[in-house]
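Enquirer: Quick one: sequence plus predicted model below, questions after.
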Amino acid sequence: MTYLVRCSCGNEIAVSTFQIGSDVLCTCGQLVPVPSLSELRRNSGQAAFESSIIDTINRMVRNGELPWGNECAICRLPTDDTFCLYAQCERKWTIRSGRTMKSGCDEYAFWILGFFLIPFSFFSLFDDDADEGPREMGHDRGVELPLRVRKEHHPKLRRVRSQRKLRRLLRDVPIYAKLLKEYPRARIMI
């Protein structure tokens, strides 16, 4: 991601995160120091430790910047009513431990050789994995997405199950379109 750093002459210089802590040369000839990432984020209107689009949406909701606009996402008439959707962006998954055996001559030869040559140390290699059990990986991560929708459309919207229709409504809001682009497999729920 790129950020802007202002020189004392008034020019803005685009810098990226790998330039943090260094100096960049302005067109006027001055060396301009690149501040820390948290300061760059603050200067660009983000929270100091905002690391994802989900953090950005949560900050915008807290600051009252969302729901976006003043017209209904369905009929385009002015409204102050809101309807909240939820985007499940990431889900945790389970990995089952243990070794999987493929059938084939090489695997059987390996087992037979191990059984006759190194009986005790060979099988003790597999004991640790058997006690582990399934492991959970990743985490659940989602965000609430308030949307301008007139109250008369709420019952109809609650019945929508099509991901395509829900995504079409959300894409009208620029920050939600960015979320859907970053998390293309996100599941939208009502």
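Expert: Okay, I see it.
Enquirer: can you pull out the helices in the chain?
Expert: For the chain, the helices defined by DSSP state H cover 37-43, 53-62, 105-117, 119-132, 154-158, 163-170, 174-182.
Enquirer: weakest of these in terms of mean pLDDT?
Expert: The weakest mean pLDDT among the helices of the chain belongs to helix 119-132, with a mean of 53.
Enquirer: Show me the protein divided up by domain.
Expert: As assigned by automatic domain parsing, the chain contains the domains 2-43, 53-92+138-189.
Enquirer: could I get the ones you listed as a markdown table with mean neighbour count?
Expert: All C-beta atoms are positioned from the backbone trio N, CA, C, and that covers glycine. Shown next, in a markdown table, are the domains of the chain (neighbours: other CB atoms under 10 Å):
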| stretch | mean neighbour count |
| --- | --- |
| domain 2-43 | 14 |
| domain 53-92+138-189 | 15 |
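Enquirer: Okay, residue 147 and residue 24: tell me how far apart.
Expert: Using CB to CB, to the nearest Å, residue 147 is found at 40 Å from residue 24.
Enquirer: And residue 188, by the same measure?
Expert: 41 Å.
Enquirer: same question, residue 71
Expert: Going from residue 71 to residue 24 by CB to CB gives 42 Å.
Enquirer: and what of residue 136?
Expert: Using CB to CB, one gets 44 Å for the distance from residue 136 to residue 24.
Enquirer: next one: residue 162
Expert: Per CB to CB, residue 162 is found 48 Å from residue 24.
Enquirer: And residue 36, its phi and psi?
Expert: Dihedral pair for residue 36: phi -70, psi 160, per degrees, to the nearest 10.
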